[in-house]
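In: quick one, fold the following:
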Amino acid sequence: MDPSYGITGKLLVWFFAIVAIFYGTILLLYMNFQQVVHISETIVSKNYAISDYSKRTLENLISMEENEKKYHLLKKQDYLTFFADARKEFESSLLKILSLSARGQAVSSKWQEVYDAYRSYPIQAGDTKALEEVSSPDSVWIPEKVINEWIKKISAARLENQQEVESATRELNTRGVRSVQNALIGLGISSLVGLLGVVFLAYSMIRPLKELMRGIRSIAKERRSEPLKIHSRDEFGELAAAFNDMASRLRQEEQLRSDFISMLSHEIRTPLTSIRESVNMIEEEVMGPINDRQRKFLEIAGSEIGRICDLLNHLMQASRLEPGTLKLTHEPVDIFALVVACIQILNPSAEAKKVYIISEVPPETPDVLGDSQSLQQVFLNLIGNAIKFCDAQCHIWIRVGNIDNRNRITFSVVDSGPGILEEDQAKLFNKFYRAATVREHLDGVGLGLSITKNIVEAHGGAIWVESQVGKGATFSFSLPVAVSDARSGQTASRWRKKAHAQ
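Out: Residues are numbered from 1 along each chain as shown. Got it, this is the predicted structure:
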């Protein structure tokens, strides 16, 4: 057997599949989380900084423009100083924005254009000494047209930065939604794989176990079992193969035992017949007169020989009535007449024990389809067993039940005897089985009920027992109703209606 197909292998595959899905989901969540962290860092370290510095540059440019106008209007040196301070802050903000590009972060090219244009003016904002020594203040001012152009470029760059923030925010939202979706998908797939794994493992284990239980029950109940159809390549397959081998050996041994008993019965029957005839001839004084003592011993010998003959008859009958080998003549059988005949046969032994047999089978009982001699033996065995195990003053009832939906009618032999132990009921129909409570004080070989069961099942029926200790026993069996002609069909129909009405 390939060990990869064993139960352990299946469990490991199922386990690793769930683990792979779980860690795959965790990996996707981790990757999305890393992207979210990266986008958040970019927004905080670049976009928010650009937004802040760009706002300052615009404020500084506006301040520069206002101070220039105030200086030209009022001719105060303070406005020149304010202009220089605003120009200094403007340059500082530009440099901080451009420093982001030096750290590997993408910055709009408009910032570099504004900075290059700004550097084209000779006096920088930080050059205070040059600003004080300038001969003409007009050389310090940046033309209003240039400032307005810078404002437009800075506004455009600021708009691009704002769009980047919005795009990054949307990406964060998308990543968050995707993370939730991935988590739910991973959870769903894990649950589905877990459920499918449980269903598969349960099916691959429960189905073989049910087959094994069915086979074990069949052997325990009937001493035989059909081969188990389990083809799985795991421990259950090996167990089924071992069980089939065991069942096959049991069948072979049972067949050998049956053949041996049949052969032995035939071999013993001939000399036993000669012995019985010899005893009868001596007892009848064919060989000469005998005294009373000799006659007594001959009667004992004849009785024992008769008992051995009955035992051999049972053994041979059990061999002939093996399941699947019994050949029957199926024809309509009048059950009412059959039961009457059986009661007449068994009445002497019942009267000897003061046991009363009561038939509740009415004359209009539908005919059954079967072999009359075999069915007579069924009734004789069941009624005879009831007589054997009942005490004096007990009653035995023979009853008929309803016709089921499979067109089978039920008959029952009910007694008021001592009852049967529950642990013995499942084994009563096994060959050679005798309950421990009757082995010591009652004769028998344990074949009667086995023979009865084989006959009933050969007719397509079933037999079962119901009993409680101290409350008697009920042996019931079902037989198919004969519907071969119109009369029988009408009778069965009327009986079914009558039974339902009752």
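
In: residue ranges of each domain in the chain, please.
Out: Following the TED database, the chain resolves into domains at 7-196, 235-321, 331-485.

In: A helix includes residue 228, no?
Out: No - under DSSP: H, G, I helix; E, B strand; the rest coil, residue 228 sits outside any helix and is assigned coil.

In: tell me the contacts of it?
Out: With contact set as C-beta atoms under 8 Å, 6 or more residues apart in numbering, residue 228 has these partners: 208, 211-212, 214-215, 240, 243-244. Just so you know, the C-beta spots here come from the backbone N, C-alpha and C atoms, and that holds for glycine as well.

In: change it to 6 Å
Out: For residue 228, the contact set (C-beta atoms under 6 Å, 6 or more residues apart in numbering) comprises 211, 215, 240, 243-244.

In: just residue 151 next, same as before
Out: Counting by C-beta under 6 Å, 6+ apart, residue 151 touches residue 61.

In: now it: which helix or strand?
Out: Per DSSP states H and E, residue 151 falls inside helix 144-222.

In: after that helix comes which helix or strand?
Out: Later in the chain than helix 144-222, the nearest helix or strand by DSSP H and E is helix 235-283.

In: tell me the angle of that following helix relative to helix 144-222?
Out: Here the directions of helix 235-283 and helix 144-222 differ by 10 degrees (axes from the mean of the first three to the mean of the last three C-alpha atoms, to 10 degrees).

In: name the helices or strands packed onto helix 235-283?
Out: helix 292-320 (3 or more C-beta pairs under 6 Å, 6 or more residues apart in numbering; DSSP states H and E).

In: what does the helix or strand just after the helix it packs on rub up against?
Out: Using DSSP H and E, the helix or strand that follows helix 292-320 in sequence is strand 331-333. Strand 331-333 has contacts (C-beta under 6 Å, 6+ apart) with 367-368, 370, 372, 375, 482.

In: just those: which are in helices?
Out: 372, 375 (DSSP state H).

In: so which of the contacts of strand 331-333 sits lowest on pLDDT?
Out: The pLDDT minimum for the contacts of strand 331-333 sits at residue 482, where the score is 85.

In: my read: that one touches residue 366, true?
Out: No - Residue 482 is beyond contact range of residue 366, at 7.1 Å (criterion: C-beta atoms under 6 Å).

In: just put the contacts of strand 331-333 in a markdown table and tack on neighbour count and distance to residue 413.
Out: Formatted as a markdown table, the contacts of strand 331-333 follow (neighbours: other C-beta atoms under 10 Å; distance: C-beta to C-beta, whole Å):
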| residue | neighbour count | distance to residue 413 |
| --- | --- | --- |
| 367 | 24 | 19 |
| 368 | 26 | 15 |
| 370 | 26 | 17 |
| 372 | 18 | 18 |
| 375 | 24 | 13 |
| 482 | 24 | 21 |
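
In: list phi and psi for residue 108.
Out: phi -60, psi 140 (degrees, to the nearest 10).

In: what's the neighbour count on it?
Out: 21 (other C-beta atoms under 10 Å).

In: now do the contacts for the nearest residue to it once chain neighbours are set aside.
Out: In space, and not counting its chain neighbours, residue 108 is closest to residue 157: 4.3 Å by C-beta to C-beta, 6 or more residues apart in numbering. Residues near residue 157 by C-beta under 6 Å, 6+ apart: 108, 110-111.

In: any idea how far residue 157 is from residue 151?
Out: To residue 151, residue 157 is 11 Å away according to C-beta to C-beta, to the nearest Å.
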